[in-house]
Structures are given as C-alpha cells and as structure tokens.
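Participant: sequence first, then the predicted structure:
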Amino acid sequence: MRAVVGQEEETGRSLSEHVLEDTMNNKKRRTIAKTINPKKPKWNKNLLGTKPCIRKIWGQPCRLSASCPQCRERLLRSPLTATSEQILREHNDPTTSNRETISPSLMLPPHAPSHSYIAQSGGTNFAPQLSNNFFSGPVNISMPSQQRVDLSQAPQGSDQEDGVLQRVKANLKARMKSRCEHLFEGNSRNETPLKNIYTELYITAGETEGVCNEHEVLQIETASRTCTSEDTPINCNDIFKPLPGQNRIITTVMTKGIAGIGKTVTVQKFILDWAEGKANQHLDFIFLLPFRELNLFKKQSSLHSLLCGFYHELGDIEDANTIAGCQVLFIFDGLDESRFALDFNQNETLFDIAEEAPIDVLLTNLIKGNLSPRASLWITSRPAAANKIPRKNITKMTEVRGFNDLQEEEYFRKRFCSDAKLANRIISHIKTTRSLNIMCHIPVFCWITATVLWEKFRDDCKEIPKTLSEMYTHFVLIQTNLKNQKYHNIEETDARRILKSDKEIILKLAKLAFEHLTKSNFIFYEKDLRECGIDIKKVSVQSGLCTEIFKQEVGLYSKTVYCFLHLTIQEYFAALYLLYCYTTDNMEVLKSFLNDTLVEEDSLLSKHVGYHLDASQRDGPGESLESDQLEYCEEISTLEEEPEEHCLLDDEAVEGSDSESSELVLHEKPAFHVLLKSAVLNALESENGHLDIMLRFLLGLSLDSNQILLQDLLPEMESCAESVEETKKYIKEMLRYYKSPERCINLLFCLAEINDNTLLEEVQAYLRPGNHGGKKLSPEQCTALAYVLMSTGILHEFDPKKYNTSEEGQWRMIPVVKCCINALLSNWNITEKLCGVVASALKSSNFPLQKLDLSYNYLQNSSMDLICAGLSSQHCKLKILRLNRCNLTAECCSALESALSSDSSHLRDLDLSDNELQDSGVKLLSAGLQKLETLKLSSCGVTKEGCTSLASALRSNISNLRELDLSDNDLYDSGVKLLSAVLGNPHCKLETLRLSGCIVSEEGCASLTSALRSNASNLRELDLSYNHPGDTGVRLLSAAREDPHFILNVEHNEECYLKSGLKKYACALTLDPNTTHRKLSLSNSGRTVICEADDHPYCPHIERFDDCPQVLCREVLTGRCYWEAEWSGRAVSVGVAYKDMSRVGKGHDCLLGYNDKSWSLRLLKRRLYICHNNTNKVIPVPSSCADRVGVYLNSSQGTLSFYLVSSDTLTHLHTFHSTFTEPLYPAFSVNDYSSVSLC
C-alpha cells in the first residue's frame, strides 16, 4: 500500500495546478448558471438538483451554527484536493465514492470526527493530513515540498464581472461618504461637517451587566462617576479588533448606550472613515440597515433582495453569491426601535441568501451566522433592549458612555471656538448645576444646552435656567421664535407670547409624545401621526417648528420615519400634554393615567393598612409607621409589646389586590396634588424607570414661573403653589418609606426640580468635619447621603455602619457600592435583592470594586449564586472576598469553584471561615485554588479527608497558595501528617500555615518537624496555639527551623485542648455575689441565680446593681472562652460586659445590651433578641428552641457568638464583631420568676 500526503499526483502536477483547474471549473459553472437564468440571482437548481451544499462556497469561515442545508454538516474551509465536481458528486451521492481515489477525510470539516477507511494492497489514497491513523504492513508515505499558492492570482471570474463589482463598490462608497460626511444637529437644516464637530466618545469594552431598573439618564450618571483607569477605551474604527491578550476573531459586536449618547454618530464616523479610505479597507461592503426602516418591510424577502431594496447599486450584480464571497459588514442600528419578535429559538433556519422569508427570520439567521457566515455584524441598542439577542451570539460587548467631563468641555469649546469667554461661562454654569452636568454627558443635550445658554448669555438675562424643566421650556421657546423669524419674519420679544402661533401643532405633538411614551414607543410612522391629527405634509409647510424638535428622516429605502430629537424631548412634551389635559378637564386621559395608581393606592390602604406587606415581601426589620405620618393611612392597630418588623412600601407589586375595582370612575376633576402624587406613584412602580424624567418635567412645569412662560398653551389655572408644597411632603414621605434605592435617588432629583434641596443641604452639613456628633440620620437623609457620596467620584472605602442610622437607612446607601474600591458590608443583614446590587457592581466594567466584605450575613444559596455569577464575569476586578460566618454549605462550593477557575478571575484572598463546608465542600473548592494566594477555612468542619484534597492542590505545580488557615477544625495528627508531607514538595509555595485548635499532639508535631527540616519548605510562619504538642513537640519544632525570622506560635499548650469542638475552650465560672441585685438569689455554689419577689438583705457594695436585676461573674474572660447556661421562666439575658458598666439606676447605661459596654442575647419564650448599644434585633427562633445557650468569646479576633445547645448540637444564633478594649465578664439579667444555671 502506498499513501500519498499532499496534492501531487503521479503525473507530477503541482498543488497550484489543481487549485487553478478547480477555480476554472467554478468559473465555467457560473457561466452556465448565467446562461440558464441570467437575471434572477438564485441558486441554479438545474445544475445542483437540490439546495446547494455550503461546500460550493469554499473559503468562507463558518461562524456559530452555520451548516450545510442539505447534510447539516458544519464546515470551516475548502479542502484543496480533487475537483469540485468530484466533491459535489460524492457529497450528493456517497455511494458513488471511490475510496481508492478520494479519502473520506476530505469530505469532513477539520473538526469533524475522522472515519476509518481501508485501501487494498497497491492502492493510493490522497489526504491533506494524517492524524490518529493505524497502518498495517509496509506503507510508503510521499510528502512533496510545500508550495505557497497565491490564490489571489487564480482566475476569479471574467474581467467584466470584476469591473462591475469594483464599480458597485466605488458607487456605494461615494454614496455612503455623501450620507455620512455631515452631522445634522437638531434637524436636517443644521448641517455641520462631521469632522468639525465630532468629539471622540468614551467607548469601552464590556458592559454594565444585570437588569437595570433605573432611567437611562441616571445610568449615564453612574457610568460617568465610575470611570477608572482600568477601563479599556476603544476608538470606533477599532471596534472589531480583539483586546490585548485576546486571540479570538471578533465577528459580532453589540454596542450599548442610552438614547442620544452617540451610537448612531459613532456608526456614521466609522462608515465615513471607511468610505474615505482611512480605515477598515479590508471591508468590501458596509451595509447600514437601521431597524426603524426595517420595520417598514412587511412582505417576505430574500437577503439579496433586501439589500437591493436599500442599495440600488447592487442591482448591477447578477449573482447573489458574489456579495457572499466578499468581506461584508452589516450594521443594524437601533435594536431598541425594532418591532420584530426576533425569536431565536422558534424562527426557521435559513441558509440560502436567495430564499425569501419574513424579515424577522432573515435577521435571526444573519445574527446566528446561518446566512452569509463570512460577514461581520455590528448591532447598536439602548440598554433595555440589548437582551433581545442571546449573549452567545455576541462575540464582543461594548458600551458608549458619551462624554466624560473633559470631552464635555471640549464640545463646548469647539462649539464656541470663536468666543472662549462664552464657552467658559457656559461650562462654569453647567458644573454648578448637578442635574445639568449629568445630562451633558449626553451629546444631544450638550447641543440643547448650548442653544439655550448661548442666547441667554448673549442677551445678558438675569435668570439662567438651572433645572431640566426650565432648560427645555426655553429650548422650545427659542426654536419657535427662530422658526417665526425664518418663515414669517416675526421676532417676538415677549417670551410669553411666542408659542401662540404654534399652539395647535405643539399640542398634537404633545399628544403623540404622551400616548407613545406610555407604550415605550419612540419611533413613529405616518399612521401614528394621523391618529394624533397630524398632517405632516401640511404642517411641514406651515410650521417649521416640527423640524426643530421633531425629526423626519427619509431612510435608505426611501421610507419616512419620525421621532423627537431626543427621548427627553418626547418626555417633556408628554408631561406638557398631561398638564394640558388636567387644565382642560380631559377626564378620559386623566382616568387612564390615574387608573393604575389611585386604584392600587386605595387597595393598599384598605387591604394593607399602612402599606403593610406580607412577611415574604419584606426586606428586614425596622420601625413601624406612625398613624399620622401618611395623611391617607388608617390608624395602625396597636402592636404587641415586643417590636414587630416595620411595614414599608415595597417596589414589588402587592399580591392579592382586588382586580374587580380596576375601572376608575371620576365624577369630578381631582385636586392637582392628586395628579402629581399619582405621577410619583406611577414612576415608582415602573419596572425600568421609563417615567422618571417625565415625572421631573411634570413637577417642574407645575411651578408658576414655568406656567407663565406657557400661558399661550395652557388655559389659566389657579396658583399651583399649595399643590406643589403638598407634593413635596408626599415625596419626602415616599423617600422615608419606599425601599428601592434607585427610585429614591430619582425622588431627590424631583425635589430639586421644584427647588427643594433641603435634604441635600442637611446631608452636606452633616458631612462637614466635626458636625457628625450623635445625630441619627433618617432613611430619606441616607438616600441623600448616598447620592452625595456617589457624586464625589470613586470612594476608597465604604462602610455604612459608620453612619448613625437605622438598618433601613443603611440599606438606602447600597448604590454606593458601585462607586467604591473597598465595600465593608459585614453584619449588615443583607438580602437577596441587595446581593443583586452587589453582583451588578462585580459584573460591570464600569465599577472599581476590588475588596468585598460580606461576613456575618445570612446568605442563602440563591444569594451566593448571584455573587458567584458576578465573580465569574470577565469584568470582575475583585481581589479580596470575605465570607466568614455566612451560613454557607457544601452546596455553594461548586458555584464558587467555577468562579475561581474562570480565566477572568482576579481573586487572590478568600475567607470562608465559620461556614459548615465540611470535607465535601473543601474537595470541590480544591479544584479551583490555582490563582488564590490566601485561603481561610477556620471552623469549617474540615477533617482528615479534607486535608487529602488540600494536600493534592498544594502539590500541584500551578498552586500559588501562600497562606492557609485551618484553625478550629478537628484535623487530629492524621490530618496534619497529610499536610506535612506536602510542605517539602518543591511545588508547594505555602509560607504561612495556621493550625490553631486543631487537636494536634506530639505525634503531629513530629511530622511537621520533618517537613520544616526539608530544604524545599517555604514555610515562614506556623501557628499551633491551643493544641498540646507537649514540651517535646515544642523543642522539636523550635530546633527544626534555624531561620531567626521564622514565627512559631505554641501558646496555650495544654492537654485540655485535645477535645473536639468548642468544648476545648470551656471555662469554669461562678457568679459574683458583690454584683448581685437584691431580688436575685444565688445557689449551687454560686452557679445558679433565681429572681424572687422579695429583696434579700445583701450588704451594700459599690459593684452591686441597685435597680436592675443583673449579676456578673467573678472570672475575667481572656483569649478563647466557652461556657453554657440553662434558663427557665419568663425572660433572661445572657451576655458579657465591661467591669465599669454603670450599676446605679434603670437607665440604658445600666441595662445589659443597651449601652456600648455590654452585649447580650435576650431569651423569651416566643422570641430571641440580640442587643448592643440600645439596638435590638430579632433572631429567628429555631423550630425546636432549647433551654440551653452556649457563648463563645474570641477576644483576639473580636467575636462573641451565641448558640442554642441541644444534645451537644450547636445551632448558631448570632455573632457580634467588635473591638473589645477592656476585659470582659460574663453577665446575666434575670426577670421575675426566672432563673439561670451555669453548666
């Protein structure tokens, strides 16, 4: 048998000759196809018999799920063997295959499984490569020298065809250049050369992941605050280039950005540079297909016909496959404007570019790579619509953040390049007005601001617009006046009379804006305009105003679409229309607007008194509402003597409301403040915040100063001052009781819109040095505090506990996590919803979070899944994660290991102490320790089996672990031996090993000694405290390491520490009679205390509690101490206190747990509380509440833990984390007819 590798046959014909012959055959077939059907760019079915196999289009890289429509095989490139006729014949009829001539391996894509085949003796096989082969008997392999073939020199078609193609390219480039070389600011008449005004936008790789429930204007503010040096800015012409370190080919790019941020202008600049030959010249064609124009296609079409509809130049190309063979970029601009379902799962699969199908089907198949698999795609979208395309179909995500502060200034300086003084005045004014400064990150708003402020400063106006409502009202006035001057030679100097001539069209546009904003529609067609009574042809002649605030665009397909210049202009007109409907008593519109709010409000009041929510919907404890805090609240029923969880208005829908009352009947026009309050509730209930800006406009337009300017549009109405004041109070009430931090921040903007900045001023005064004092911040002040902190830029550290406020107030500050490097959220009672905010901060490329402390929070598996999803994100920058005492189990370790193993993980320090991970969890984690440098697993239930997994990980040559803490695990000597064996391994980089309280005896120390003597050991610190190595073990360890810098800790070397669990730290206690209150009686050798009715005649003593029934122990607590106590009766408290806690009176300074000198667990029959510094917190009562409690103090670590004890099983209740500055004493408070006994 003789096997020939390569393409040279016995005749000596070279590989290049085969390729040229193959190409000539392809040329002949194209000529035949044209003769049969010269005009229709269809596949020639007479030649092929069936739909063509994708093998006919060799040389195309295949993306994603592209495959042959006939055999469904996924192919990458053409094999350079045999002729195309042979391949096509064998593919269509495999039974005719000549196995001695064509190798079956030639019929498979490079990544497909190889098929074995047999050649008879003396036969010849041709194969491009040999791999995983089995040869039997002598085999001759002939390998000719490789010859590089320049395929560009092979005949690609007739000269005439090439000429047509080049002419089409040139014509298309000329057309695209003409279309893109000017930027139309505002309308089609404000034509400016793009190169003169274009300011490089801040485009970054990555995205802000997660579902965002705030208005996109607020999103741009967040992004502007969190720009970091680690962000990767991208030039628009490099959008398809991989990032440094990335080797993959970028085929499909998604660019997100809010409305008006500059996505379309970025696309325009990209196309212009291509058309002018400045960039991306490898592209033969760029096809811009805006969704707003694709929406107009109602009939089925082929991809080729669709392109010809947009670009008539393509009509000169007869063969549809000519374009498919070129380098093509499809740009789909405005995914958020799409009215297609884009069902990627249900839409039929399509491969033939000449086959007709609905536009929806064409789009999904293009994006999936089935149609034109060689093409590149660029899709732009607003954030809310980006998830219409599955993430797996996107190879690169980018985000346009608009102008940063420097680019913002650059825009105004370019705009007013001839008047630097004016540019400086405008920039200064914007920087002093926060709401305007935020909006100027949006390029379109910069143009609006420039238009307004240029005229105001030119005319030396005393009152310069400072709010959004004022800015947009003056913008409409200015544009109307410009129109009057241009079309009617009328210049009106009185601003109040300017709108009179355009009242009809303005109100019709306002109606259009309102009706479609409520439907989230931002693109309109002639049908939509006619429904609002707008005759666009008539209006465009009579009123130039339409072209100043309302765009009419004739697209590539010669179809007309309409939209407001920017989303915020539509929102302004929508608010204007709502105000007009109120002044004209349009009950129909008012009813539709109020229906969704007032009815639900009535339902909340009647069925959920005081906005009371079901326990499953509450986020946590707090103070209850007072009956006079909401004017429409019914009186709240008397609470039990023990505090209940508070009743807060949640942003989630209240289930169980009566749907039968959904129809609102308005017998008379409601008070104006009811309309404003309804608008507030509507905005609060919006899932994505789409009414937030309209609410701000509605409130601003309610001010008398703005209504004076609009008096030609709005019928005269009484002063709204009282309604505005009423609404201010209502907004502040919502700020106090509403729990969504994002929504609360928008309410602050609403107050600013009606000139109320008191909350911000109070917070700014609070933040001044020396002003903190003991003042307690309210929840609404915490909302303002969060906004102020976020406005200052990136914070180095954020710890909500350092602010004196309630738990609800601390929750209000969770958005600050997005703007800080270190977030200290330990012991914060964090909920799953708040975990979602934290996970969003981890996922986003915008946010700088590097250290996260979530210790002492009860994290369920679902919460950990959110955190792990954030850790797995390619944008996560986190380096340090603290999760000690978070009630984690082995179930969480799988997701955690996956996150640690991800290529993008930056995590180096992980603390999982005090979680019941057990050996099974440690085994899962051990597979993902390659990048970690510090791992803390103290008190995790690890035994010998867990040591086996850890030793295996340490032995790996990719392990980077430097510090390992296994303290307070029952490892025994057997587990320590396993770890000792790996310390001498050259791959082990461990420098610090903590084995405190691990039941290690002299035997375990001997194995550690052997490891320390090894030259390969890198160990520099060994902690064996609270073990019993004995004197011999200590001597061995001390002598084993001659390094004077080696740290060995063998403190508390006693036999009692060879016990399992916390009982190794058990201490003997006795009650101190000198501290005992007169109603308390001691017995059982000072180990039992009972509260009795009568006083005991104890001698006076300075340390005795004179009014509080309390007692301390004699013994001071140091190091690690554990004790247990049994209780009975009505109520007792168990805790610790400083010696100098006050003993006189009944004030908080004397009560156990009610001051900063004591910590306690209060035990009642139905409820448990933890108490410290006058703060009480309810602890969920386990199903079987035991009458024995355990207390564990680790003074060096600053932890005090309480447990319920039942049959030697410890159930953790709570852990205080504090810095203990004085010696602590066990303390007890015993109420009437109750008792406590030390065990």
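Facilitator: Nice, thanks for sending it over.
Participant: now the helices for the stretch 301-450 of the chain?
Facilitator: 303-310, 320-324, 359-368, 405-415, 420-431, 434-439, 443-458 (DSSP state H, counting those that start in this stretch).
Participant: so which of those helices is the most packed in?
Facilitator: Of those, the one with the most neighbours on average (mean count of other C-beta atoms under 10 Å) is helix 359-368, at a mean of 23. The C-beta positions use only the backbone N, C-alpha and C, and glycine is treated the same way.
Participant: what residues are up against the most far-flung residue of the chain relative to its centre?
Facilitator: In terms of distance from the mean C-alpha position of the chain, P1097 ranks first, at 66.5 Å (C-alpha atoms, centre = their mean). By C-beta atoms under 8 Å, 6 or more residues apart in numbering, the contact set of P1097 is R1078.
Participant: same thing with L306?
Facilitator: Contacts of L306 (C-beta under 8 Å, 6+ apart): 289, 297, 359, 362.
Participant: now the third one: how far from F297?
Facilitator: Think I359. 5 Å (C-beta to C-beta, to the nearest Å).
Participant: out of the helices of the stretch 301-450 of the chain, flag the one nearest L1117.
Facilitator: Across these, L1117 has its closest neighbour in helix 434-439 (51.7 Å, C-beta to C-beta).
Participant: what is the mean pLDDT for the closest one?
Facilitator: Mean per-residue pLDDT for helix 434-439: 78.
Participant: again, but for stretch 939-951
Facilitator: In the prediction, stretch 939-951 has an average pLDDT of 95.
Participant: and for stretch 345-360?
Facilitator: Rounded mean pLDDT across stretch 345-360 is 91.
Participant: in that stretch, what's buried?
Facilitator: Neighbour-count burial for stretch 345-360 flags 347, 350-360 (criterion: 16 or more other C-beta atoms under 10 Å).
Participant: show me which of those residues is closest to L1213.
Facilitator: Checking the buried residues of stretch 345-360 against L1213 by C-beta to C-beta gives N347 as the nearest, at 55.0 Å.
Participant: if I read this right, the closest one contacts V361, doesn't it?
Facilitator: Yes: between N347 and V361 there is a contact under C-beta atoms under 8 Å: 4.9 Å.
Participant: output the helices of the stretch 301-450 of the chain as JSON lines; include the columns distance to P1223.
Facilitator: Shown next, in JSON lines, are the helices of the stretch 301-450 of the chain (distance: least, C-beta to C-beta, whole Å):
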{"stretch": "helix 303-310", "distance to P1223": "81"}
{"stretch": "helix 320-324", "distance to P1223": "83"}
{"stretch": "helix 359-368", "distance to P1223": "69"}
{"stretch": "helix 405-415", "distance to P1223": "54"}
{"stretch": "helix 420-431", "distance to P1223": "55"}
{"stretch": "helix 434-439", "distance to P1223": "51"}
{"stretch": "helix 443-458", "distance to P1223": "62"}
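Participant: domain assignment for this protein?
Facilitator: For the chain, the structural domains run 2-153, 160-402, 405-466, 477-585, 586-705+722-753, 942-1060, 1066-1238, going by automatic domain parsing.
Participant: now do the SS call for D865.
Facilitator: Under DSSP: H, G, I helix; E, B strand; the rest coil, D865 falls in the helix class.
Participant: quick check: closest non-adjacent residue to it.
Facilitator: A895 (5.7 Å; C-beta to C-beta, 6 or more residues apart in numbering).
Participant: any idea how far L565 is from that neighbour?
Facilitator: 46 Å.
Participant: and if you look at R882?
Facilitator: 49 Å.
Participant: cool, and T473?
Facilitator: Where L565 is concerned, T473 sits at a distance of 15 Å (C-beta to C-beta).
Participant: give the contact list for S305.
Facilitator: E356.
Participant: likewise for I1090?
Facilitator: 1080-1081, 1083, 1230, 1234-1235.
Participant: what's the neighbour count on Q874?
Facilitator: Other residues near Q874 come to 16 when the count uses other C-beta atoms under 10 Å.
Participant: one more: the one 4 residues further on?
Facilitator: Each residue near L878 was counted by other C-beta under 10 Å, and the total is 22.
Participant: likewise C720?
Facilitator: C720 has 21 nearby residues by other C-beta under 10 Å.
Participant: check contacts around it.
Facilitator: C720 touches 672, 702-704, 707, counting by C-beta under 8 Å, 6+ apart.
Participant: could I have the buried ones of those as PyMOL selection syntax?
Facilitator: Buried subset of the contacts of C720, written as a PyMOL selection, criterion 16+ other C-beta under 10 Å:
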select buried, resi 672+702+703+707
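Participant: redo the contacts of C720 as TSV? Include distance to A513 and pLDDT.
Facilitator: Formatted as TSV, the contacts of C720 follow (distance: C-beta to C-beta, whole Å; pLDDT from 0 to 100):
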residue	distance to A513	pLDDT
F672	21	89
S702	18	94
L703	20	93
D704	23	90
Q707	19	89
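Participant: keep only those of the contacts of C720 that are in strands.
Facilitator: Assignment to strands by DSSP state E places none of those there.
Participant: what would the contacts of C720 look like in a markdown table with distance to A324?
Facilitator: As requested, the contacts of C720 are arranged in a markdown table below (distance: C-beta to C-beta, whole Å):
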| residue | distance to A324 |
| --- | --- |
| F672 | 63 |
| S702 | 59 |
| L703 | 60 |
| D704 | 65 |
| Q707 | 61 |
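Participant: pLDDT score assigned to the residue farthest from the centre of the chain?
Facilitator: Reported pLDDT for P1097: 90.
Participant: and it, how far is that from C1108?
Facilitator: 19 Å.
Participant: likewise E515?
Facilitator: Distance, E515 to C1108, using C-beta to C-beta: 67 Å.
Participant: go on, L296?
Facilitator: Counting by C-beta to C-beta, the gap from L296 to C1108 is 81 Å.
Participant: using neighbour counts, pick out the buried residues of stretch 1112-1128.
Facilitator: For stretch 1112-1128, burial by neighbour count (16+ other C-beta under 10 Å) applies to 1112-1113, 1117, 1120-1125, 1127.
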